[in-house]
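K.L.:
Test case, fold it:
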Amino acid sequence: MDKIRNFCIIAHIDHGKSTIADRMMELTGTVSKREMKSQLLDSMELEQEKGITIKLAPVTMQWKGYTLNLIDTPGHVDFSYEVSRSLQAVETAVLVVDATQGIQAQTLANVYLALEQDLTIIPVINKIDLPAADVERVAAQIINLLGCSREEIIEVSGKTGKNVDLILDRIIELDGIEVINSNQTRALIFDSYFDDYRGVVLYVRVFEGEIDKNAEIMMMAADSKGLALEVGILTPKMTPRESLKAGEIGYIVTNLKTTREAKVGDTVTLVKEPAKEALPGYKNVLPFVYAGFFPVSNDQYKELKEAVEKLSLSDSALRFEPENSPVLGFGLRIGFLGLLHMDIIKERLEREFGLDLIVTNPSTNYEVVMNNGEILEIKSASDLPDASEIKEIREPWVKGEIILPKEMIGGVLNLINAKRGHQTNLSYIEDRAVIDFEAPMANLLTDFYDQLKSVTSGYASFNYELNGYRVEDLVRVDFLVGGHKMDALSVMAHRSEADGIGREVTKKLKEVIPRQNYEVALQAAIGARIIARETIGAYRKDVTVKIHTGDRDRKAKLLQKQKRGKARMKRFGKIDIPSEAFTVMLKRD
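P.N.:
Numbers count the residues shown, from 1 in each chain. All right, here's what the predicted structure looks like:
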């Protein structure tokens with residue numbers, strides 16, 4: 001065990017984690033030059049296209065007689081629980097900071113996660129070969145953050161491979177893993193995915209004991225049992241072994257049918273000698289962003305349901321339930337960890353399964369306390385019970401952190417206040433400011449990130465975590481098209497913002513809903529009170545064109561007849577609402 005070193009690479013998005021991992025695999029001869037391609041561990045087509053890591057990937061390397069296990073973690077805030085579990089599986093974290101950009105929000109968030117898990121942090125400055133690199137400025141930021149000395153910081157270039165070997169040497173110099181002599185077996189699941197041909201594959205770190213091939217295993221939190229059909233290490237392809245021993249990181253191919261039976265953070269033990277208690281830190285990750293997914297044609301509903309079921313096999317955080325809308329027909333209400341998670345699932349459904357989708361405005365979940373003391377959880381505004389039965393409504397708040405250049409603080413504080421948030425702290429790292437704030441989750445869902453980027457010319461970075469539920473004065477805003485209530489458009493809003501949202505949405509609906517042969521009223525309402533109205537004018541056909549004389553009575557008679565026809569159409573007419581109308585909240589401009 002003293003020859004094993006487990007480490008992970010943490011960084012902000014696009015600071016070069018996966019590129020450094022590529023160079024390490026080349027240096028250690030894990031992957032031959034012929035098989036090498038950039039961002040080798042980002043195997044999904046979407047990951048390569050967006051240039052981000054979505055799923056973490058472990059790999060085992062040999063270096064100077066030592067076994068090095070690397071976990072390449074995702075950097076995005078939506079997957080921070082996965083990152084925290086990956087950090088629990090290792091002893092060392094390599095902190096990578098871009099020499100041109102310096103410390104960003106997720107650099108900070110991931111450093112705090114690493115310090116919570118009590119890891120040794122090795123600071124690395126990447127991209128030193130770029131002309132815009134300012135190594136000394138970034139080094140000063142890192143010293144300020146970690147309190148390390150200048151000599152401890154390793155300067156590397158992931159692209160050219162310069163000095164990457166120094167990182168591997170530094171990892172070897174650190175202390176080995178403590179040997180725990182115990183007769184129980186405990187391993188931590190830090191990732192799991194569904195393989196179409198083999199079932200659920202677990203990525204685990206064995207803390208105590210060993211897991212042999214064909215052993216009967218048990219997941220302690222999910223309380224499910226299975227067989228370890230194959231165990232082994234990843235180099236990065238699967239390499240079978242007879243057993244996985246304490247201190248090692250590897251994979252287990254099981255006979256489980258879904259990842260719900262083996263969630264990230266769960267503890268694996270043996271059925272014949274089960275462990276007394278599970279490893280710490282497991283929590284059930286609940287989604288807090290919900291959106292309705294509807295197929296453009298109702299014939300595709302079955303395909304949509306099957307596609308989401310397939311994706312949920314390998315993504316245990318994905319929750320869904322059927323939803324029916326009078327306008328959009330049958331669809332699914334799907335829960336996500338965050339907006340990036342939602343974006344990725346939507347792209348995968350459209351690409352991998354060839355579906356045409358309408359996605360309604362994302363909303364968060366609310367807690368409704370009834371007069372009789374019962375607490376309901378609602379996921380969309382249309383589920384809200386009658387106002388007379390409600391005692392109070394609680395909405396989720398988040399704790400956020402924004403890192404930005406000092407001179408842009410004013411604009412960002414105004415933006416936070418506009419979102420009903422408030423600043424809790426303001427501190428500085430060299431020439432950058434760190435704003436800590438609290439705000440309601442619902443107000444950050446639609447376009448907060450886009451507005452933040454435009455206020456700061458793209459220089460700010462943003463990170464958030466859930467911070468409990470608070471009682472607020474919330475109301476449901478309904479939208480009526482031609483007198484008919486559209487449930488799919490209803491939103492929850494704070495009473496102070498309801499009028500503004502009503503006016504804004506009716507204006508936008510006027511632009512996207514096509515004109516009819518008769519007048520159509522667009523209204524926003526709270527209960528029975530109308531708070532905003534726009535009118536889509538009717539097409540007007542000139543019925544008097546065939547009268548050549550100036551006979552006023554005949555003209556008036558024809559116009560009167562047309563007016564009666566329009567009134568009749570208004571009673572029976574059906575308005576065709578285009579799919580853009582349901583995403584009108586997403587696009588502010």
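K.L.:
Pop out the phi and psi values for Ser382.
P.N.:
phi -70, psi -20 (degrees, to the nearest 10).
K.L.:
same deal with Thr364?
P.N.:
According to degrees, to the nearest 10, Thr364 has phi -110, psi 180.
K.L.:
now Ser224
P.N.:
Main-chain dihedrals, Ser224, degrees, to the nearest 10: phi -120, psi 150.
K.L.:
From Ile189, how far out is the residue lying closest to it once chain neighbours are set aside?
P.N.:
Nearest non-adjacent residue to Ser224, counting by CB to CB, 6 or more residues apart in numbering: Glu261, 3.9 Å away. No exception for glycine: its C-beta is placed from N, CA and C like everyone else's. Distance check for Glu261 against Ile189: by CB to CB, to the nearest Å, it reads 11 Å.
K.L.:
Just read off the phi/psi values of Leu340.
P.N.:
phi -70, psi -40.
K.L.:
wait, isn't Val83 in contact with His12?
P.N.:
No - using CB atoms under 8 Å, Val83 makes no contact with His12, being 12.0 Å away.
K.L.:
Look through the chain and tell me its longest strand.
P.N.:
Longest strand in the chain, counting residues (DSSP state E): strand 390-405.
K.L.:
Could you export that one as CSV, CA atoms only?
P.N.:
Only the C-alpha atoms of strand 390-405 are listed here, as CSV (Å, rounded to 0.1, in the frame of the first residue of the first chain):
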residue,chain,number,x,y,z
ILE,A,390,-52.8,27.9,2.1
LYS,A,391,-51.1,29.1,5.3
GLU,A,392,-47.7,29.9,3.8
ILE,A,393,-45.4,29.2,0.8
ARG,A,394,-41.7,28.6,1.2
GLU,A,395,-39.2,28.9,-1.7
PRO,A,396,-35.6,27.7,-1.9
TRP,A,397,-32.7,30.2,-1.5
VAL,A,398,-29.1,29.8,-2.6
LYS,A,399,-25.8,30.9,-1.3
GLY,A,400,-23.7,32.2,-4.1
GLU,A,401,-20.2,33.4,-4.7
ILE,A,402,-19.0,35.7,-7.6
ILE,A,403,-15.4,36.4,-8.4
LEU,A,404,-14.8,39.5,-10.6
PRO,A,405,-12.4,42.4,-11.3
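K.L.:
could you say which helix or strand contains Ile531?
P.N.:
Assigned by DSSP states H and E, Ile531 belongs to strand 529-536.
K.L.:
The stretch 251-400 of the chain: helices as residue ranges?
P.N.:
Under the criterion DSSP state H, counting those that start in this stretch, the stretch 251-400 of the chain contains helices at 301-314, 339-352.
K.L.:
Which among those is found nearest to Thr549?
P.N.:
helix 301-314 (58.5 Å; CB to CB).
K.L.:
Can I get the closest one in CSV? Just the C-alpha atoms.
P.N.:
As requested, the backbone C-alpha atoms of helix 301-314 are provided in CSV (Å, rounded to 0.1, in the frame of the first residue of the first chain):
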residue,chain,number,x,y,z
TYR,A,301,-44.6,10.6,-26.4
LYS,A,302,-43.8,6.9,-26.0
GLU,A,303,-40.3,7.4,-27.6
LEU,A,304,-39.7,10.3,-25.2
LYS,A,305,-40.6,8.2,-22.2
GLU,A,306,-38.4,5.3,-23.2
ALA,A,307,-35.5,7.7,-24.0
VAL,A,308,-35.7,9.4,-20.5
GLU,A,309,-35.9,6.0,-18.9
LYS,A,310,-32.7,4.9,-20.7
LEU,A,311,-30.9,8.1,-19.6
SER,A,312,-32.1,7.7,-16.0
LEU,A,313,-30.6,4.2,-15.8
SER,A,314,-27.1,5.8,-15.8
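K.L.:
related to what we said a few turns ago, for the strand holding Ile531, enumerate the helices and strands it packs against.
P.N.:
For strand 529-536, the packing partners by 3 or more CB pairs under 8 Å, 6 or more residues apart in numbering; DSSP states H and E come out as helix 495-512, strand 520-526.
K.L.:
Now the element after the helix or strand of the chain at the bottom of the mean pLDDT ranking, going C-ward?
P.N.:
Every helix and strand of the chain was ranked by mean pLDDT, DSSP states H and E. The lowest is helix 45-50, at a mean of 48. Remark: after helix 45-50, the chain's next helix or strand is strand 57-63, criterion DSSP H and E.
K.L.:
just how off-centre is that following strand within its chain?
P.N.:
From the chain centre to the centre of strand 57-63 is a distance of 27 Å (CA atoms, centre = their mean, to the nearest Å).
K.L.:
Direction included, what does that strand pair up with?
P.N.:
Counting by DSSP bridges, the strands paired with strand 57-63 are strand 66-72 (antiparallel).
K.L.:
Give me the mean pLDDT for the partner strand.
P.N.:
Strand 66-72 shows a mean pLDDT of 81.
K.L.:
cool, stretch 469-482 as well?
P.N.:
88.
K.L.:
tell me how far the ends of that stretch are from each other?
P.N.:
36 Å (CA to CA, to the nearest Å).
K.L.:
Pull the distance from it to the chain's centre.
P.N.:
Worked out by CA atoms, centre = their mean, stretch 469-482 lies 25 Å from the chain centre.
K.L.:
Quick check: buried residues in it?
P.N.:
Neighbour-count burial for stretch 469-482, with 16 or more other CB atoms under 10 Å as criterion, is recorded at Tyr469, Glu472, Leu474, Val475, Arg476, Val477, Asp478, Phe479, Leu480, Val481, Gly482.
K.L.:
In strands, which of those residues fall?
P.N.:
Those of these lying in strands (DSSP E): Tyr469, Glu472, Leu474, Val475, Arg476, Val477, Asp478, Phe479, Leu480, Val481.
K.L.:
Looking at these, which one is closest to Gln560?
P.N.:
Val481 (27.5 Å).
K.L.:
That closest one contacts Ile577, doesn't it?
P.N.:
Yes - using CB under 8 Å, Val481 makes contact with Ile577 at a distance of 6.5 Å.
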